[in-house]
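> sequence and predicted structure are below.
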Amino acid sequence: MGNNPAKVKTVYYFGTCLVDMAYPKAGMAGIKLLQREGVEVIFPQEQGCCGQPAYNSGFRQEAKDVAWKQVQVFSGNNYPIIVPSGSCAGMMKYHYLELFKDDPEYYEVKKFCDRVHELTSYLNNELKAQYTDKGSPVKLTWHSSCHARREMGCTDDSKALIRQLKNVELVEIEREHECCGFGGTFSIKQPEISAAMVHDKVEDIKNTGTKKFLTGDCGCMMNITGHMGKEKVAIEGQHIAEFILERING
Amino acid sequence: MASNAKFNFKKSITDALADKQLRANFKFATDTLRGKRLAVFSDPEETMHLRKVGNGLKRNVLTKLPQLLEQLEAKCKENGIIVHWAETVDEANNIVLDLMEKHSAHKMVKGKSMVSEEMHLNKFLEDQGKLPLETDLGEYIIQLNNEPPSHIIVPAVHKNRKQIAQIFADNIPGVSYTEDTSELLAIARHKLREHYRTADIGLSGVNFAIAESGTLCLVENEGNGRMCTAVPPVHVALMGLEKVVEKLEDIPPLYRLLCGSATGQRITTYFNMIKGPRKAGEKDGPKEVHLIILDNGRSKILADKQLRQTLQCIRCGTCLNHCPVYTRIGGHAYGSTYPGPIGEILMPQVEGLDKKGSLPTASSLCNACEEVCPVMIPIPNLIRRLRDESYDMDGEGVVKGHGFKKSLVETIVWKGWKLTQVNATCNKLMLLGVQLFGNMLPKVGPLKAWTSVRTSPKFARQSLKDLAKKEGIRNE
Ligand code: SF4
């Protein structure tokens, strides 16, 4: 990939297993946003999960096998690999290196990792996407996943894209830095602590006075909207890609 | 007491979460501490540079720890400090007791020392009929209330002013209830001064021990550390063996990192450098200074290249303040000397996974601890490592009690999961199953835990793979 984004014609898309199963519309929106910038998108049907659930749960070998599978699936060409999730992108960009650090495959894995980008940062930085808002005025807030913020460092890119939409007022949430309590299997292994965390996150979202929050990670979204559903909080959650696509299509 | 074999993490979590006052106290305290830290580390680039320096210094120490400790011992001896080595906490406790007996000592004044907490020294000495008295204000408060510390820097962080007022009124004879902070301080000061004057022996921790000069450095704000180390005729210093640093020049960056991370200060009110007992002609200082260097599993940790990073810790406590789990359950819930992220990685290594292996489950791996740790310990990676060892999948665990969690069910579940992710046919079948039955799953097992506070996840009728195919997205 050169420095001139205009030259980038083709990218791979890694949809993530959660998007595949539960939020396919968000995944598709990401593809359309890329296509809109004149990029050809390849979506390998053989892709699976990034391996993070096993990696974080103490099942390293399983995580490694799954990671290796992804490396192979995306090895046909050196195209960038775009991921509509900060968390899965972080896993693929940084933790695959950790998984393979003592193995002969390390260099092949490293080449793969270097090609991984989070969707919004790719749209904002590499493709310099420009959006014209066709929607009616709306106030919303933004939830940043921990890995989008601390690993991929793409929170500002996501917000920059939202701020391009002139009828959208972005209200910052208090304690944006704090985890929503999902953490993959953490929410199952430590359900009570996770519950306390998601409860506080929902309170902070409520306190923004908005009726909608956006996020770049469907894991967080499933957690937060799940708790809102249970508590009968009438706030909607949406993946940023789906939201932007709606706004620019009017 | 802080650490015991019958530790039930689940129960202590439930209890802690149910205590609304506790959660409010922690939220307030950790918000304040985080704000203070951010104020002194306001320049991200400078902070990163400093952290890299700190990381380098501590890594360097760990690569040559045995030589540095030998050098420290030799230099201390030259300075007239008597050095003792303790492999276990029992040995360390007995060294302290022997010293007390030798000097016919009954009363000991203590400055803050996490190593003494690790040794459960107070209980040990009390059982021997001795009187150990904490003098750090926070430690003093919780000792009055017969509790272990809840934080490694702010031991009474879990108490608010009203609760402290009540503890004073209930436990100090002749003191009536007052919420006036300066009055409370005056009461403590008055009581403590009496103790410094009459104690037979003083004990302190060590923040840094300088190998090249045999100097013990003690960082504190209240002056109680100076009192404990200077007034009584005998001073005993306790340190974990990782506290040694190479040179005097190593101190400024580490000191700055410690103060900034712990309390958001540029420097502390007191910085004591102790180089030996009172010399002939000097008017104050103890007549004898002893240094006890404790191993308690540390040299085993050192032997593993990845785990040894745990020993870089300078005990600043900032990972606690930034941890969303610690902030909600508080220090006592961990049932361990060291709570929070550092406790999650240190305690299982020291006491074994069979005893403390549940601690590393209390992390969402949000990376907040790693983001702030002044010496850049990769805490989330070490948590993952300990989780791996809990299942001991490849049989190579080095931590005591590895494999304690091994379960056939989990093994099968993850093997099955793997198959659905690496085999296209299995993946298709899995997606089909999710589409057909995903929304009808009975709420048992993981789904029960999930749905206790959330509605069930909704699975889509068509997967992204289906949509992509329909839209004619190129497949490769
Ligand atoms: S692990 Fe790092 S942040 Fe936590 S107490 Fe130790 S030095 Fe401080």
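Sure, I can see it. Residues are numbered from 1 along each chain as shown, chains lettered A, B, ... in the order given.
> now do the contacts for the residue of the stretch 251-400 of chain B found nearest chain A.
As assessed by C-beta to the nearest C-beta, chain A sits closest to residue B:364 within the stretch 251-400 of chain B, at 2.8 Å. For the C-beta atoms, the positions are set from N, CA and C on the backbone; glycine is no exception. Residues near residue B:364 by C-beta atoms under 8 Å, 6 or more residues apart in numbering or on different chains: A:146, A:179, A:181-183, A:186-187, A:194, A:197, B:324-325.
> could you verify that it is part of a helix?
No. Using DSSP: H, G, I helix; E, B strand; the rest coil, the assignment for residue B:364 is coil, not a helix.
> measure it to the ligand for me?
17 Å (C-beta to the nearest ligand atom, to the nearest Å).
> any idea of the pLDDT on that residue?
pLDDT, residue B:364: 97.
> rewinding a little: out of the contacts of residue B:364, which are inside helices?
Among the contacts of residue B:364, the residues falling in helices (DSSP state H) are A:146, A:186-187, A:194, A:197, B:324-325.
> nearest to the ligand, of those?
Closest approach between these and the ligand, by C-beta to the nearest ligand atom: residue B:325, at 13.4 Å.
> and the closest one, how many neighbours?
Counted by other C-beta atoms under 10 Å in any protein chain shown, the residues lying close to residue B:325 total 31.
> that one contacts residue A:193, doesn't it?
Yes. If you go by C-beta atoms under 8 Å, residue B:325 and residue A:193 touch, sitting 5.5 Å apart.
> which neighbours do these two share?
By C-beta under 8 Å, 6+ apart, the residues touching both residue B:325 and residue A:193 are residue B:362.
> contacts only, for residue B:467.
Residue B:467 neighbours (C-beta under 8 Å, 6+ apart): A:24-25, A:27-28.
> A strand includes it, no?
No. Read with three-state DSSP, residue B:467 is helix and lies in no strand.
> middle-most residue in chain A, spatially?
residue A:85 (1.5 Å; C-alpha atoms, centre = their mean).
> look up how far residue B:270 lies from the residue of the stretch 251-400 of chain B closest to chain A.
38 Å (C-beta to C-beta, to the nearest Å).
> then residue B:58?
Counting by C-beta to C-beta, the gap from residue B:58 to residue B:270 is 23 Å.
> related to what we said a few turns ago, buried subset of the contacts of residue B:364 as a PyMOL selection?
Burial among the contacts of residue B:364 is assessed by 16 or more other C-beta atoms under 10 Å in any protein chain shown; the matching PyMOL selection reads:
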select buried, (chain A and resi 146+179+181+182+183+186+187+194+197) or (chain B and resi 324+325)
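> run through the contacts of residue B:364 and flag the ones next to the ligand.
By C-beta under 6 Å from any ligand atom, no member of the contacts of residue B:364 lies near the ligand.
> ramachandran angles for residue A:36?
Note on residue A:36: its backbone torsions stand at phi -60, psi -30 [degrees, to the nearest 10].
> pLDDT below threshold where in the stretch 1-150 of chain B?
B:1-5 (pLDDT under 70).
> show me where the stretch 201-350 of chain B has its helices.
B:224-230, B:251-263, B:298-303, B:318-322, B:324-329, B:340-351 (DSSP state H, counting those that start in this stretch).
> adding distance to chain A and mean pLDDT, write those helices out as TSV.
Listed next are those as TSV, based on distance: least, C-beta to the nearest C-beta, whole Å; pLDDT from 0 to 100:
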stretch	distance to chain A	mean pLDDT
helix B:224-230	33	97
helix B:251-263	16	98
helix B:298-303	17	95
helix B:318-322	8	98
helix B:324-329	5	97
helix B:340-351	12	97
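> and the ones you listed: which comes nearest residue B:464?
Residue B:464 lies closest, by C-beta to C-beta, to one member of the helices of the stretch 201-350 of chain B: helix B:324-329, at 30.6 Å.
> so where do the helices sit in chain A?
A:17-22, A:24-36, A:52-57, A:60-73, A:86-90, A:96-99, A:106-114, A:119-121, A:146-150, A:155-163, A:186-189, A:191-207, A:218-231, A:240-249.
> need those in TSV (columns: mean pLDDT and distance to residue B:221).
Shown next, in TSV, are the helices of chain A (pLDDT from 0 to 100; distance: least, C-beta to C-beta, whole Å):
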stretch	mean pLDDT	distance to residue B:221
helix A:17-22	95	48
helix A:24-36	98	51
helix A:52-57	96	39
helix A:60-73	96	43
helix A:86-90	98	39
helix A:96-99	97	39
helix A:106-114	97	45
helix A:119-121	98	43
helix A:146-150	97	31
helix A:155-163	98	36
helix A:186-189	92	36
helix A:191-207	97	31
helix A:218-231	96	39
helix A:240-249	97	46
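> let's verify residue B:24: helix, strand, or coil?
helix.
> next one: the longest strand that chain A contains to chain centre, how far?
What stands out as the longest strand in chain A, according to DSSP state E, is strand A:138-143. Put simply, strand A:138-143 sits 17 Å off its chain's centre (C-alpha atoms, centre = their mean, to the nearest Å).
> direction included, what does it pair up with?
strand A:168-171 (parallel), strand A:212-215 (parallel) (DSSP bridges).
> pick the most deeply packed of those strands.
Sort the strands paired with strand A:138-143 by mean neighbour count, taking mean count of other C-beta atoms under 10 Å in any protein chain shown, and strand A:212-215 sits at the top with a mean of 24.
> which of the helices of the stretch 201-350 of chain B sits closest to residue A:61?
helix B:340-351 (20.8 Å).
> and whichever helix or strand comes after the closest one, is it in reach of chain A?
Using DSSP states H and E, the next helix or strand after helix B:340-351 towards the C-terminus is helix B:353-356. No. With C-beta under 8 Å from any C-beta of the partner chain as the criterion, chain A is not reached by helix B:353-356; the gap is at least 10.8 Å.
> just checking, what packs against helix B:353-356?
Contact here means 3 or more C-beta pairs under 8 Å, 6 or more residues apart in numbering or on different chains; DSSP states H and E; on that basis helix B:353-356 packs against helix B:340-351, helix B:379-391.
> which one of those helices lies closest to residue A:204?
Residue A:204 lies closest to helix B:340-351 among the helices and strands packed on helix B:353-356, at 22.0 Å (C-beta to C-beta).
> and that closest one, how far out from the chain middle?
For helix B:340-351, the separation from the chain centroid amounts to 8 Å (computed by C-alpha atoms, centre = their mean).
> pull the number of nearby residues for the residue of chain A found nearest the ligand.
Chain A approaches the ligand most closely through residue A:150 (14.8 Å), counting by C-beta to the nearest ligand atom. Residues near residue A:150, counting by other C-beta under 10 Å, number 20.
> list the residues that contact it.
B:366-368, B:370-371.
> show me which of those residues is closest to residue B:32.
Nearest member of the contacts of residue A:150 to residue B:32, counting by C-beta to C-beta, is residue B:368, at 16.5 Å.
> the closest one and residue B:204, how far apart?
Distance from residue B:368 to residue B:204, by C-beta to C-beta: 31 Å.
> and if you look at residue A:9?
67 Å.
> what does residue B:374 give?
In this view, residue B:374 and residue B:204 are 22 Å apart by C-beta to C-beta.
> ok, residue B:241 next?
17 Å.
> more neighbours: the two, which one.
A count of neighbours by other C-beta under 10 Å puts residue B:204 above the other of residue B:241 and residue B:204, at 28 against 21.
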